[in-house]
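Colleague: predicted model follows, preceded by the sequence.
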There are 2 protein chains.
Amino acid sequence: MNMSRTEERSRERLVVVGGDAAGMSAASQARRLRGPDELEIVAFERGHFTSYSACGIPYWVGGDVPDRDRLIARSPEEHRTRDIDLRMRTEVVEIDVGSARVRARDVDSGAESWTSYDKLVIATGARPIRPDLPGVDAPGVHGVQTLDDGQALLDTLAATEGRIGSAPRVRAVVVGAGYIGVEMAEALVNRGYEVTVVNRGKEPMSTLDPDMGRLVHKAMEGMGITMVDDSEVTALRTGADGRVRAVATEDAEYPADVVVLGIGVRPETTLARAAGLPLGEHGGLLTDLSLRVRGHDDIWAGGDCVEVLDLVSGRERHIPLGTHANKHGQIIGANVGGGYGTFPGVVGTAVSKVCDLEIARTGLREKDADRAGLRYVTVIIESTSRAGYYPGAAPMTVKMLAERRTGRLLGVQIVGREGAGKRVDIAAVALTAGMTVEQMTALDLGYAPPFSPVWDPVLVAARKAVAAVRSGAS
Amino acid sequence: MNMSRTEERSRERLVVVGGDAAGMSAASQARRLRGPDELEIVAFERGHFTSYSACGIPYWVGGDVPDRDRLIARSPEEHRTRDIDLRMRTEVVEIDVGSARVRARDVDSGAESWTSYDKLVIATGARPIRPDLPGVDAPGVHGVQTLDDGQALLDTLAATEGRIGSAPRVRAVVVGAGYIGVEMAEALVNRGYEVTVVNRGKEPMSTLDPDMGRLVHKAMEGMGITMVDDSEVTALRTGADGRVRAVATEDAEYPADVVVLGIGVRPETTLARAAGLPLGEHGGLLTDLSLRVRGHDDIWAGGDCVEVLDLVSGRERHIPLGTHANKHGQIIGANVGGGYGTFPGVVGTAVSKVCDLEIARTGLREKDADRAGLRYVTVIIESTSRAGYYPGAAPMTVKMLAERRTGRLLGVQIVGREGAGKRVDIAAVALTAGMTVEQMTALDLGYAPPFSPVWDPVLVAARKAVAAVRSGAS
């Protein structure tokens, strides 16, 4: 903190760059701890919205969420009533660390001005990977990162859907088969499209091991989705009207009335890089446990623009996820507001669904464990969500990795139907606690026939993993 | 182990008393580890069935499970094909510890004989509490502990149901509002009965604190069930035909065409007590961590007839639950079969449902914590099962207890709709790991809008508990 500047002004100034989950949670939490007489809070957001759920966009597009505003947790006006000086459509274009100030530009007028800070929060989020392909900017090709993206896609869909049910069929191609890709496939299936998912990985959901991704592949095919794996998109073909008409790979061409890009995101750290702030191998900001940018006592960073410590591998990872961004915001807000909080790291839990298929993972995949230098055993078991005799008992496949010799849990992947997804939380807590698979076999989990078999599927996997660890020679 | 006897016979003999989950799991696991040439296994069961799910009886009675045999995990014939000498309808009437033998009686013929053992497993289960009330043995009054009980109740229901929909209404009274009571209330509602639940506690579900039990009371009333709390049953009135016609309390009389007793169970340790084996304050057998009966190297016990260590309070408890019985059986089977296993204890997790209401608990209630000499804070929060904007997001109330000063998690209770019950597993694992509520706020739980709000309800409770611990003076 620069004391002389603090003395000049009667109160400290906190500047927040980015008005979504991490930034505005930090601002709100800081405001709770320190009133406007003590702390001035200025927040810059280049877009039209604050504090919205990007994770909800596929469900808005798919029609499960009726309108955009349901995805907005807190509007700019609500933030302003809490004495946060929120400047919308104002993009920070430079962070001057030496002089502790930021340069911001009004997106509409282009006018620029400097704002000094005592404390700075960088919450610039992530930017979607947009491949440099012929035709990628053609009408009918959409990302789904922002609410504006979602609205643009919905406008395209509205213009297309009159033809659904007629011949030729109305086709959507989703490029990418990660979380966003599979969720968008569901959204488009729900709207009646013929959906093809083109994916360069061997199987969809590369956040799973391929053997578990294969289950997703098969289940999605069962939903009538055409799954094209192991295929790199080479171009987006356009028609005479300039609109997209097909997705081309090296081997084939897939007709498309609309294309959704769901290839993933990278940390948006252009400003941070230019300011000389420390970035990790995934391009995200590096922080300490209090989420302070390393080497900078008055700068914090959180949300999709930072790398987080993976507690299982001991390595930094980039995991863009709203739940982390919200936690980061709370912790940063506590720290800049004079309280105290730390973010110890993650175990890499994620859950998703495609129609009635639930997909979950936590901890390390086989290749993560290999990279981390770990030796491990893997087991796969089949079980059900409820007692086998109870109506609605749905099959579930659980894969578990445990370290050789020590038996420490390393990771769990689950693919199943209703009741599969959130079971991963059992493993997430066990990973955090550093439990062995043998300790897990004694876990006292909720049992009643409508909720679980007498051995919960996670315990069935743990028992098999114990046997594998015992018999493992290496 | 008595070596001389072993030498006399060419192989050891394991005797198992009780053919349900704990006993037959132990027998099966022992057989997996040691073949019939090494180990003879003799199992006695006084009833008609082995290895069945008593927890499933309410769903069979309610019609969710179409027939009795679905509840039987493994029949006597299946056990016998695995070289287990299973003697059905044969009741052990004496354990002679000094001579290492049991006396068994053929239930039908009355013939008796002694069988010696090298190793003995006691898995005599629990017996339902059957109050000594006038009329308790009248036709139309039913327990629901065994498959035979379930069939008798179904026979009564079949004889009664012709009148459903006519006047006067056909009425069922359930005595007791614990797990069995509320599950039987659901079963009878599903069959079209007018259901009254008479309960001597202040609220239903005394395994919850009363403030959470109140939520169950209200929800059950909302299902059209008449809830009578704080009322001791004094008699079961019979009509001219000798059949039950009403349940009487001190204050009132409740007309009944059928009465279900769901008052709970006690450890069935008559044999063990007569044999001088050590029993705890709840009447259950006391074992060491390998489930060996204390002070007896060649006798093991598990399932509903033993007391288990509550890892949170440090005290023994009696928790009759199929999931524990199965674990016990596995561990005993490993130990008697020459392997190794221990049962470290429980944290008291239980989950149940009444129609669409889900009820879960783990750890200590307020009165348990008081008894254990703990000081604690309590918080209650309201949240939802999914992101608020996602269809089907259902309300959920979470209560959390944390120790003062240390912030260690002590207990969680959840009442809600779909998605509420199994969330208790997060807390069950955290309790097992000895986590503080502050550590819990950093848990990396599965998040996506169809599965959870961005802050999982358990994390919302943990955050509030952290604040309560911090502000707690005492």
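Modeller: Yep, it's here. Residues are numbered from 1 along each chain as shown, chains lettered A, B, ... in the order given.

Colleague: measure whichever residue of the stretch 51-200 of chain A sits closest to chain B to residue A:56 for me?
Modeller: Per Cβ to the nearest Cβ, residue A:70 is where the stretch 51-200 of chain A lies closest to chain B, at 3.9 Å. To be clear about C-beta, it is placed using only N, CA and C from the backbone, and glycine gets the same treatment. Using Cβ to Cβ, to the nearest Å, residue A:70 is found at 8 Å from residue A:56.

Colleague: do the same with residue A:372
Modeller: Applying Cβ to Cβ to residue A:372 and residue A:56 gives a distance of 33 Å.

Colleague: same question, residue A:300
Modeller: From residue A:300 to residue A:56 the distance is 26 Å (Cβ to Cβ).

Colleague: what of residue A:361?
Modeller: 21 Å.

Colleague: and if you look at residue A:197?
Modeller: With Cβ to Cβ as the criterion, residue A:197 and residue A:56 are 21 Å apart.

Colleague: how many neighbours does residue A:84 have?
Modeller: With neighbours defined by other Cβ atoms under 10 Å in any protein chain shown, the count for residue A:84 comes to 24.

Colleague: wait, what's in contact with it?
Modeller: By Cβ atoms under 8 Å, 6 or more residues apart in numbering or on different chains, the contact set of residue A:84 is A:24, A:27-28, A:31, A:41, A:43.

Colleague: nearest to chain B, of the residues you listed?
Modeller: When the contacts of residue A:84 are compared against chain B (criterion: Cβ to the nearest Cβ), the nearest one is residue A:24, at 12.6 Å.

Colleague: surely the closest one is in contact with residue A:51?
Modeller: Yes: the criterion here is Cβ atoms under 8 Å, and residue A:24 meets it with residue A:51 at 4.6 Å.

Colleague: residues near residue A:317, how many?
Modeller: Neighbours of residue A:317 (other Cβ under 10 Å): 17.

Colleague: could you find the closest non-adjacent residue to it?
Modeller: residue A:310 (4.8 Å; Cβ to Cβ, 6 or more residues apart in numbering or on different chains).

Colleague: thought the one you found was touching residue A:316?
Modeller: Yes: taking contacts as Cβ under 8 Å, residue A:310 lies within contact range of residue A:316: 7.1 Å.

Colleague: who has more neighbours out of those two?
Modeller: residue A:310 (20 against 17).

Colleague: quick one, what contacts the more buried one?
Modeller: Contact analysis of residue A:310 by Cβ under 8 Å, 6+ apart lists A:316-317, A:345-348.

Colleague: how about 7 Å then?
Modeller: Contact analysis of residue A:310 by Cβ atoms under 7 Å, 6 or more residues apart in numbering or on different chains lists A:317, A:345-346, A:348.

Colleague: again, but for residue A:455
Modeller: Contacts of residue A:455 (Cβ under 7 Å, 6+ apart): residue B:326.

Colleague: now the residue positioned nearest the centre of chain A: how far from residue A:125?
Modeller: Nearest to the mean C-alpha position of chain A, counting by Cα atoms, centre = their mean, stands residue A:321 at 3.1 Å. Here the criterion is Cβ to Cβ. By it, residue A:321 lies 12 Å from residue A:125.

Colleague: number of residues surrounding the nearest residue to residue A:29 once chain neighbours are set aside?
Modeller: Using Cβ to Cβ, 6+ apart and skipping residues adjacent in sequence, the residue nearest residue A:29 is residue A:333, 2.4 Å away. Applying other Cβ under 10 Å, we find 30 residues neighbouring residue A:333.

Colleague: surely residue A:333 touches residue A:34?
Modeller: No: with contact defined as Cβ atoms under 7 Å, residue A:333 does not count as touching residue A:34 (9.7 Å).

Colleague: return the set of buried residues in stretch A:18-34.
Modeller: Neighbour counts over stretch A:18-34 (16 or more other Cβ atoms under 10 Å in any protein chain shown) mark A:18-31, A:34 as buried.

Colleague: go on, stretch A:58-70?
Modeller: A:58-62, A:64-65, A:68, A:70.

Colleague: can you tell me which of these lies nearest to residue B:450?
Modeller: Using Cβ to Cβ, residue A:59 comes nearest to residue B:450 of the buried residues of stretch A:58-70, at 7.4 Å.

Colleague: quick one: contacts for residue A:198?
Modeller: A:173, A:175, A:228, A:231, A:233, A:247, A:249, A:254.

Colleague: likewise residue A:143?
Modeller: A:128, A:130, A:149, A:261.

Colleague: burial check on the second one, number of neighbours?
Modeller: The local packing of residue A:130 (other Cβ under 10 Å) involves 13 other residues.

Colleague: what's the spacing between it and residue B:406?
Modeller: Distance from residue A:130 to residue B:406, by Cβ to Cβ: 50 Å.

Colleague: also the first one?
Modeller: Computed with Cβ to Cβ, the distance linking residue A:128 and residue B:406 is 45 Å.

Colleague: who has more neighbours, these two?
Modeller: Between residue A:128 and residue B:406, counting by other Cβ under 10 Å, residue A:128 is the more crowded of the two (18 against 15).

Colleague: in the sheet, who's paired with the more buried one?
Modeller: residue A:265 (DSSP bridges).

Colleague: that one and residue A:267 touch, don't they?
Modeller: No: Residue A:128 is beyond contact range of residue A:267, at 11.8 Å (criterion: Cβ under 7 Å).
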